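A.B. asks: A structural model of the following input is requested.
(one chain, ligands or ions: 1)
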Amino acid sequence: MKELIDAIKSGNTSALAAPGVKVYASSFTQVGNTSLLMVRTEAGKQLLAVGESDLYDQLQGEIVDGAKVAPLSHENRLTLNQYLPYTAPQAFGTQVATMGLGDRLGIASPGHIQTLRGKDIRPVLAQQSIRELALTGRTYEDVLDAAAFAVFQEGYKDGYGADGDHLKKEEDIEYALRLGFTMLTLDCSENIDNTIETLSAAEIAAKYAELPASLREHYEKRYLDAPANVPGAELNYTREALQKDVLIYDAAINFMEAIFRKYIVTLDRAVDFEISIDETATPTSPEAHYLVASELRDRGVTIFSMAPRFCGEFQKGIDYIGDIAQFERELASHAAIAVHFEYKLSIHSGSDKFSVFPLIGQYTNGLFHIKTAGTNWLEAVRVVAKVNPSLYRRMHQFALDHFTEATAYYHVTTDIEAIAPLAEVADAQLPDYMEENNARQLLHITYGLLLQAKNDDGSKVFADEFFQTMTEQEDTFADGLRHHIGRHLELLGK
Ligand SMILES: O=C(O)[C@@H](O)[C@H](O)[C@H](O)C(=O)CO
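C.D. replies: Numbers count the residues shown, from 1 in each chain. Coordinates of the predicted model:
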């Protein structure tokens, strides 16, 4: 490290290097009298601070050869945020395309930044759902720390977001907002009454008739007496369809308004408020989307984005499943409704929906929010399959043994029997599993079980070897993300 420190002290910072030290040159910055740099030694990634200042004094670390070497700790991340504002998350609003890049491992953001840098889209790097935190054993502090240090490492100054994703409970909303998350994805799936879809028209009419007359009159006046007029959207409400949608969505709309009034309006900072009605059994018709959007506007609720449950299947980690012609017809209306009510359409799960990305880019005019997460985990699994076949085989077999348990968390239609038996696949062909939908979903939804698996003595079955492999293959992983997420962006027209 001494060579590095001496070079910085002498101002010779054009080619910073030192034996046994990986230097992240893009991180180099000056804060007053202090030069700051991210390096990696055998002890892992660290901040190197040279030259005394308030920042230097505030960083927690040890003095080495007259400089300070500081770990990537939560406290040191907060110090970076204080002195380097670009390392803190921001809200983006509705006038720029954004991409959720969920990183369940805390190591994917550098590759994401390298992929998006310079493009007409901004990254929401710190995006995790409570479900993902529970399955990985991480906290929102961990998620934000990892994203902020990645931004510092890459010297990325165009801004990034932090999304408390698929939040259903007020305590989780308070948790994310308290930490400074700049996007809130409100998951309304538990307030949507899917049972209505199972009722007959007569049962729906009878249930609807039990609603307060004032409520029925409100909806009938707004959606039957005054047909919707949204340029570009095909909207035709029948009495029966309206009755069904009121029964399905009325409670969810009240929930959206309540959370907006209690948590968003009261904030002294901008937060991108996303409404998620995608993780539900009921596909969101354009008419239902319009009803929810119109009610929100009528109640003064302003949103950043809306995630409808599109027709067909947007399953995790694989391409779109369904009638693309119908998807296009409805997408045109969904996109027109979003434009009409001045928010962005949000695409969940946006991972790997290659066959419909061009349509999404076209109908949203390139102004969308697309949310990915599992596909980034699968790119790490692909790296393991390439460089550590033994580890991959053990992970794959463990996933097969625990697949049923994982289906409690994610809706997939995986055909396990269609997956090529491990014994019949040579090491060199193991990465091909990441090209096959059933294997992709097998590894996708078992991520938590794999990362948290413990031996009888409490040691991790896979995690330590997995993260050591990923550390050694840091550049390979970033290359894989640039290729795979780059393909997403290219097809989206970015
Ligand atoms: O796995 C999760 O809980 C999230 O990544 C969720 O799937 C996310 O909202 C998404 O749709 C990413 O594609």
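A.B. asks: Show me what the strand ranked longest in the chain is packed against.
C.D. replies: Longest strand of the chain, by residue count under DSSP state E: strand 22-31. Strand 22-31 is packed against strand 34-41, helix 140-154, with contacts defined by 3 or more CB pairs under 8 Å, 6 or more residues apart in numbering; DSSP states H and E. No exception for glycine: its C-beta is placed from N, CA and C like everyone else's.
A.B. asks: what does it rub up against?
C.D. replies: Contact with strand 22-31 is made by 4, 13, 16-17, 35-41, 53, 55, 83-84, 152-155, as judged by CB atoms under 8 Å, 6 or more residues apart in numbering.
A.B. asks: Next: stretch 411-431.
C.D. replies: 279, 313, 315-316, 321, 382, 385-386, 389, 392-393, 396-397, 400, 403, 407, 432-433, 436-439, 441-442, 444-445.
A.B. asks: Look up which residues are beta-bridged to the closest residue to Ser27 other than its chain neighbours.
C.D. replies: Excluding the flanking residues, the one nearest Ser27 by CB to CB, 6 or more residues apart in numbering is Met38, at 4.0 Å. Per DSSP bridges, the residues bridged to Met38 are Tyr24, Leu47.
A.B. asks: neighbours of Met38, just the number please.
C.D. replies: 23 (other CB atoms under 10 Å).
A.B. asks: quick one: it and Ala49 touch, right?
C.D. replies: No - the pair Met38 / Ala49 is not scored as a contact, 10.7 Å apart, by CB atoms under 8 Å.
A.B. asks: so is Val96 in a helix, a strand, or just coil?
C.D. replies: Secondary structure state of Val96, per DSSP: H, G, I helix; E, B strand; the rest coil, is coil.
A.B. asks: Please report phi then psi for it.
C.D. replies: Main-chain torsions, Val96, degrees, to the nearest 10: phi -140, psi 140.
A.B. asks: who are the neighbours in contact with it?
C.D. replies: Going by CB under 8 Å, 6+ apart, Val96 touches 120-122, 367.
A.B. asks: gap between it and Asp457?
C.D. replies: From Val96 across to Asp457, the span is 50 Å (CB to CB, to the nearest Å).
A.B. asks: Next, the contact list for the one residue in the stretch 1-150 of the chain that gets nearest to the ligand, please.
C.D. replies: The nearest approach of the stretch 1-150 of the chain to the ligand comes at Ser129, 3.5 Å away (CB to the nearest ligand atom). Shown in contact with Ser129 (CB under 8 Å, 6+ apart): 102, 165-167, 185, 187, 373.
A.B. asks: Specify which member of those is nearest to the ligand.
C.D. replies: Ala373 (3.1 Å).
A.B. asks: For the closest one, give me phi and psi.
C.D. replies: Backbone torsions of Ala373, given as degrees, to the nearest 10, read phi -160, psi -60.
A.B. asks: go on, Gly350?
C.D. replies: Torsion angles, degrees, to the nearest 10, at Gly350: phi -80, psi 0.
A.B. asks: need the contact list for it.
C.D. replies: Counting by CB under 8 Å, 6+ apart, the residues that Gly350 touches are 99-100, 370-372, 488.
A.B. asks: Cross those against helices and list the overlap.
C.D. replies: Among the contacts of Gly350, the members found in helices (DSSP state H) are His488.
A.B. asks: and the contacts of Gly350, which of them are in strands?
C.D. replies: Short answer: the contacts of Gly350 in strands (DSSP E) are 99-100, 370-372.
A.B. asks: what would those look like in CSV with pLDDT, distance to Leu211 and neighbour count?
C.D. replies: Below are these laid out as CSV (pLDDT from 0 to 100; distance: CB to CB, whole Å; neighbours: other CB atoms under 10 Å):
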residue, pLDDT, distance to Leu211, neighbour count
Met99, 98, 40, 27
Gly100, 98, 36, 28
Ile370, 98, 36, 29
Lys371, 97, 34, 27
Thr372, 97, 39, 26
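A.B. asks: and the ligand, which of those contact it?
C.D. replies: Counting by CB under 6 Å from any ligand atom, 371-372 from those sit close to the ligand.
A.B. asks: Tell me the residues of the stretch 151-300 of the chain that contact the ligand?
C.D. replies: Residues of the stretch 151-300 of the chain lying near the ligand (CB under 6 Å from any ligand atom): 165-166.
A.B. asks: rewinding a little: name the stretch among the helices and strands packed on strand 22-31 that sits most buried.
C.D. replies: helix 140-154 (a mean of 23; mean count of other CB atoms under 10 Å).
A.B. asks: how many other residues sit next to the closest residue to Lys157 other than its chain neighbours?
C.D. replies: Distances taken as CB to CB, 6+ apart place Tyr86 nearest to Lys157, at 4.3 Å, with adjacent residues excluded. Number of residues near Tyr86 (other CB under 10 Å) recorded here: 17.
A.B. asks: Just to check, Phe354 is in contact with Asp319?
C.D. replies: Yes - taking contacts as CB under 8 Å, Phe354 lies within contact range of Asp319: 5.5 Å.
A.B. asks: For the stretch 201-350 of the chain, which residue gets nearest to the ligand?
C.D. replies: Closest point on the stretch 201-350 of the chain to the ligand, by CB to the nearest ligand atom, is Ser349, at 3.1 Å.
A.B. asks: Quick one: classify that residue as helix, strand or coil.
C.D. replies: Ser349 ends up coil, using three-state DSSP.
A.B. asks: May I see the buried residues of stretch 83-96?
C.D. replies: 83-84, 86-92, 94 (16 or more other CB atoms under 10 Å).
A.B. asks: Stretch 340-353 now?
C.D. replies: Those would be 340-341, 343-353, for stretch 340-353 by 16+ other CB under 10 Å.
A.B. asks: again with stretch 118-125
C.D. replies: Under 16+ other CB under 10 Å, the buried positions of stretch 118-125 are 121-125.
A.B. asks: now swap in stretch 328-342 and tell me
C.D. replies: Buried positions in stretch 328-342, judged by neighbour count with 16+ other CB under 10 Å: 330-341.
A.B. asks: measure Lys460 to the ligand for me?
C.D. replies: Using CB to the nearest ligand atom, to the nearest Å, one gets 21 Å for the distance from Lys460 to the ligand.
A.B. asks: mind listing what the residue nearest to Val124 when sequence neighbours are not counted touches?
C.D. replies: Leaving aside its chain neighbours, Val124 sits nearest to Gly161 (3.6 Å; criterion: CB to CB, 6+ apart). Gly161 sits next to 89-92, 98, 122-127, 182-183, 272 when contact means CB under 8 Å, 6+ apart.
A.B. asks: With Gly366 instead?
C.D. replies: Gly366 makes contacts with 97, 120, 492-494, as judged by CB under 8 Å, 6+ apart.
A.B. asks: Please repeat the previous calculation with a cut-off of 10 Å.
C.D. replies: Counting by CB atoms under 10 Å, 6 or more residues apart in numbering, Gly366 makes contact with 96-97, 120-121, 360, 492-494.
A.B. asks: Torsion angles phi and psi at it?
C.D. replies: Taking degrees, to the nearest 10, you get phi 80, psi 10 for the backbone angles of Gly366.
A.B. asks: quick one: pLDDT of it?
C.D. replies: Per-residue confidence at Gly366 stands at 97 (pLDDT).
A.B. asks: same thing with Pro227?
C.D. replies: 81.
A.B. asks: Can you tell me which helices and strands the longest helix that the chain contains packs against?
C.D. replies: Of all the elements of type helix in the chain, the one with the most residues (DSSP H) is helix 239-259. Here helix 239-259 touches helix 170-178, strand 183-187, helix 201-209, helix 213-223, strand 272-277, helix 286-298, going by 3 or more CB pairs under 10 Å, 6 or more residues apart in numbering; DSSP states H and E.
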